[in-house]
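Engineer: Model the structure of this input:
(one chain, ligands or ions: 1)
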Amino acid sequence: MEHIENDEQFAGLTVNEGVAQPPIVNPYMTRRRRRPLPTSGEMVEGILKGDVTTLSRAVTLVESLSPEHQVLAQEIIEKCLPHSGNSRRIGITGVPGAGKSTSIDTFGLHVLKDGGKLAVLAIDPSSERTKGSILGDKTRMEKLSIHPNAFIRPSPSAGSLGGVARKTRETIVLCEAAGYNNIFVETVGVGQSETAVHSMVDFFLLIQLAGTGDELQGIKRGIMEMADGIVINKADGDNIDRARLAQAQFRSALHLFPPTLSGWMPEVLCYSGYYEIGIPEVWEMIDRYFAFIKENGYFERKRQEQARYWMYETINEQLRNHFYNNEDVDALLADKERRVLGNQQSSFTAARDVLDFYFKKLSEK
Ligand code: GDP
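Structural biologist: Below is the predicted model of the structure:
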């Protein structure tokens with residue numbers, strides 16, 4: 001039946017037949033078109049101008065798993081590289097509850113008092129499994145998150161620790177090109193991601209708590225050995241004496257460690273991130289460290305070593321992905337695993353068979 005309302009001029013209005021159900025999907029809604037990707041040149045221009053929206057978008061491209069995005073991201077990174085490197089990269093770690101976010105908020109504001117810009121990045125490989133990041137959450141750093149010169153980015157969520165760490169390292173390059181001269185890389189101190197963070201920062205800060213008197217036992221030796229500075233948080237109220245005791249214990253423990261590669265003797269300080277006590281002292285220590293390693297050449301040497309490390313890390317990651325993402329290899333692996341578990345074949349020959357199969361496939365291409 002014809003209805004005047006169905007005429008084209010009344011777009012948006014339809015009259016249905018009798019009691020017929022109206023269509024569930026709005027027929028006037030057209031599929032939203034995806035925003036076309038900008039060129040790398042446009043992105044780099046925005047980043048160099050310090051445009052935060054462009055920077056965020058570029059970081060999203062770095063984190064994206066789409067091959068198209070990855071190509072663009074790599075182009076952007078290459079173009080930003082000559083404009084990068086001009087920052088202090090500081091790793092911050094501590095167990096959950098040590099006060100990382102409170103301290104980063106306070107340290108961050110202290111750093112920004114002298115001008116400049118601060119980027120806070122996070123590495124949290126657990127977020128892939130838990131589908132939620134426990135680090136780098138904007139709301140945890142209340143003062144910094146509204147500061148115009150602070151850029152806070154939570155951990156990339158997808159991928160292995162190596163993948164997450166590589167993306168964070170690439171994000172550092174973008175942030176530096178955008179004029180961020182202080183970079184904090186935060187990680188939760190439970191013993192997996194520290195090595196990755198250590199391999200991308202100049203200074204590694206370990207936040208500790210004074211506790212029950214046996215705090216030294218609870219800390220992984222490896223993490224302490226990596227630290228350039230150990231700071232005991234929550235040195236406030238009736239906790240001050242315990243914090244001082246912990247400070248003395250850490251100081252004597254550090255003497256038992258081999259000398260650091262930089263020649264720097266790690267310092268131990270007490271502070272309170274929440275009550276803002278002892279913050280300038282912590283920062284003076286970091287200033288002293290940078291002056292020391294710039295003077296003795298370690299700063300440059302370490303950055304070069306890190307660049308080489310990340311080249312090999314990236315090769316390793318890509319080789320692993322290429323191998324494990326191959327469907328035929330996957331099928332063969334499942335079969336070999338069964339045989340190894342059933343004692344029908346040794347681990348060694350099973351591994352050799354799978355690798356032989358993989359190399360043969362490669363050579364046939
Ligand atoms: P994170 O898990 O390491 O990021 O730790 P948070 O920054 O979230 O802090 C954990 C808890 O410790 C929070 O309840 C903070 O309010 C408290 N806290 C952090 N810094 C201090 C401090 O300097 N003094 C005191 N008394 N409490 C603090």
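Engineer: From the ligand, how far out is the residue nearest to the spatial centre of the chain?
Structural biologist: Per CA atoms, centre = their mean, the C-alpha nearest to the average position across the chain is that of Ile123, at 3.2 Å. Distance of Ile123 to the ligand, computed by CB to the nearest ligand atom, to the nearest Å: 14 Å. In this view, the C-beta of every residue, glycine as well, is placed from N, C-alpha and C.
Engineer: residues near the residue nearest to that residue when sequence neighbours are not counted, how many?
Structural biologist: Excluding its sequence neighbours, the residue lying closest to Ile123 (CB to CB, 6 or more residues apart in numbering) is Thr187, at 4.6 Å. Other residues within reach of Thr187, judged by other CB atoms under 10 Å, total 29.
Engineer: right, is the helix or strand encompassing Thr187 up against the ligand?
Structural biologist: Using DSSP states H and E, Thr187 sits within strand 182-188. No - judged by CB under 6 Å from any ligand atom, strand 182-188 stays clear of the ligand, getting no closer than 7.5 Å.
Engineer: got a list of what the closest residue to Gly179 other than its chain neighbours touches?
Structural biologist: Nearest residue to Gly179 in three dimensions, chain neighbours excluded: Gly50, at 4.8 Å (CB to CB, 6+ apart). When contacts are counted by CB atoms under 8 Å, 6 or more residues apart in numbering, Gly50 touches Lys117, Ala178, Gly179.
Engineer: Neighbour-wise, which one of those leads?
Structural biologist: Using other CB under 10 Å as the neighbour criterion, Ala178 leads these with 23 neighbours.
Engineer: Contact partners for that residue?
Structural biologist: Ile47, Leu48, Gly50, Asp51, Val52, Leu55, Lys117, Phe151.
Engineer: now do Ala165
Structural biologist: Residues counted as contacts of Ala165 (CB under 8 Å, 6+ apart) are Ile123, Ser193, Ala196, Val197, Ser199, Met200, Glu313.
Engineer: Kindly recompute the last result at 6 Å.
Structural biologist: Contact analysis of Ala165 by CB atoms under 6 Å, 6 or more residues apart in numbering lists Ile123, Ala196.
Engineer: pLDDT value on it, please?
Structural biologist: Per-residue pLDDT puts Ala165 at 86.
Engineer: now swap in Glu17 and tell me
Structural biologist: 65.
Engineer: ok, now the one 10 residues further on?
Structural biologist: Reading off the confidence values, Pro27 has pLDDT 66.
Engineer: Tell me the pLDDT of the closest residue to the ligand within the stretch 201-350 of the chain.
Structural biologist: For the stretch 201-350 of the chain, the residue closest to the ligand is Tyr274, as judged by CB to the nearest ligand atom, at 3.2 Å. Note on Tyr274: pLDDT of 94.
Engineer: Can you classify it as helix, strand or coil?
Structural biologist: Under DSSP: H, G, I helix; E, B strand; the rest coil, the three-state class of Tyr274 is coil.
Engineer: For it, grab the count of nearby residues.
Structural biologist: 15.
Engineer: Next up, the contacts around it.
Structural biologist: Counting by CB under 6 Å, 6+ apart, Tyr274 touches Thr102.
Engineer: residues in the stretch 201-350 of the chain within reach of the ligand, list them.
Structural biologist: Selection of the stretch 201-350 of the chain residues close to the ligand by CB under 6 Å from any ligand atom yields Asn233, Lys234, Asp236, Ser272, Gly273, Tyr274, Tyr275.
Engineer: mind running it again at 8 Å?
Structural biologist: Within reach of the ligand by CB under 8 Å from any ligand atom, the stretch 201-350 of the chain has these residues: 207, 233-237, 239, 271-275, 277.
Engineer: Which among those count as buried?
Structural biologist: With burial judged by 16 or more other CB atoms under 10 Å, the buried subset of those is Ile207, Asn233, Lys234, Ala235, Asp236, Asn239, Tyr271, Ser272, Gly273, Ile277.
Engineer: any chance of those residues in JSON lines, plus secondary structure?
Structural biologist: Compiled in JSON lines, those are given as follows (three-state DSSP):
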{"residue": "Ile207", "secondary structure": "strand"}
{"residue": "Asn233", "secondary structure": "strand"}
{"residue": "Lys234", "secondary structure": "coil"}
{"residue": "Ala235", "secondary structure": "coil"}
{"residue": "Asp236", "secondary structure": "coil"}
{"residue": "Asn239", "secondary structure": "helix"}
{"residue": "Tyr271", "secondary structure": "coil"}
{"residue": "Ser272", "secondary structure": "strand"}
{"residue": "Gly273", "secondary structure": "coil"}
{"residue": "Ile277", "secondary structure": "strand"}
